[in-house]
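Trainee: Following is a predicted model, sequence given first.
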Amino acid sequence: MTIELWTYNTPNGRKISVALEEMGLPYTVKVVDITKGGQFDPAFLRLSPNNKIPAILDPDGPDGAPIGVFESGAILVYLGRKSGQFWPADPRGQTGVLEWLFWQVGGFGPMPGQVHHFLTVANEADRRYGLERFQTETNRLYGVLDRRLAEVEFVAGALSIADFAILGWAWRHERHRVELAAFPHVRRWYETLMARQGVARGFAVALS
């Protein structure tokens, strides 16, 4: 049965469209226009009480009944378990995937997201302070990722949902003023993923 993806054209939204395409799961897009307050629509709030995209509605949940899932990290885990893809079968492998997934949702997303915000702040002093603080942390996180990818092909060893989560934000590296040339292992990983057909379809699908 077809999964409904409620989302918009943002890094967190693209994580899920990429994962769905890579997993070959049928889905339809329900655009939630966050520029016009669509995230506060009662129908969406029933799926995502935190009024944030993305969310999914799977009519064929684990017990055969519909299930809604919000928060991009939770959605990725759900889809990995449902499809049996990009989600290791063994607990040790799962732990590695979860480490890097939580690393993304806790830092590599919130920090570059703050860079995106402060780039739009009109007050020069406020903008300068915010950009210095969050650009420094964003660059540190890219360094963490680069060191990891110097040792492995993908962040948890094999290609996993953690890579899709991180890719959603690395896709915006130009917007948060990061040159991938400064992080050669991240660039290798990024180019490898972006060359995949499923990833390309996930970024091409209209989300707005």
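Mentor: It's in.
Trainee: And this protein, split by domain according to the record?
Mentor: Domains of the chain are assigned by automatic domain parsing as 3-85+199-204, 91-196.
Trainee: Quick one: these as TSV, columns for mean neighbour count and mean pLDDT too.
Mentor: Where you see a C-beta, it was placed from the backbone N, CA and C, and this is true even at glycine. Formatted as TSV, the domains of the chain follow (neighbours: other C-beta atoms under 10 Å; pLDDT from 0 to 100):
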stretch	mean neighbour count	mean pLDDT
domain 3-85+199-204	18	98
domain 91-196	17	97
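Trainee: For residue 174, which three-state class applies?
Mentor: Reduced to three states with DSSP: H, G, I helix; E, B strand; the rest coil, the structure at residue 174 is coil.
Trainee: Next up, phi/psi of it, please.
Mentor: The main-chain torsion angles of residue 174 are listed as degrees, to the nearest 10 and equal phi -70, psi -40.
Trainee: And residue 157, by the same measure?
Mentor: Main-chain dihedrals, residue 157, degrees, to the nearest 10: phi 100, psi -80.
Trainee: quick one: it from residue 193, how far?
Mentor: Counting by C-beta to C-beta, to the nearest Å, the separation of residue 157 from residue 193 is 15 Å.
Trainee: Repeat that for residue 89.
Mentor: When distances are taken as C-beta to C-beta, residue 89 and residue 193 turn out to be 22 Å apart.
Trainee: Repeat that for residue 94.
Mentor: Summarising the geometry, the distance separating residue 94 from residue 193, computed by C-beta to C-beta, is 21 Å.
Trainee: Tell me who's in contact with residue 40.
Mentor: Counting by C-beta atoms under 8 Å, 6 or more residues apart in numbering, residue 40 touches residue 51.
Trainee: and the residue of the chain most remote from its centre, what element?
Mentor: Relative to the centre of the chain, and counting by C-alpha atoms, centre = their mean, the farthest-placed residue is residue 125 at 30.9 Å. Following DSSP states H and E, the helix or strand that holds residue 125 is helix 124-149.
Trainee: Quick check: what element follows that helix along the chain?
Mentor: Scanning the chain past helix 124-149 towards its C-terminal end, the next helix or strand to appear is helix 161-170 (assignment: DSSP H and E).
Trainee: contact partners of that following helix?
Mentor: For helix 161-170, contacts defined as C-beta under 8 Å, 6+ apart pick out 11-15, 18-19, 22, 72-73, 76-77, 79-80, 86-87, 97-101, 104-105, 108-109, 112, 145, 154-156, 180, 186, 189-190, 193-194, 199.
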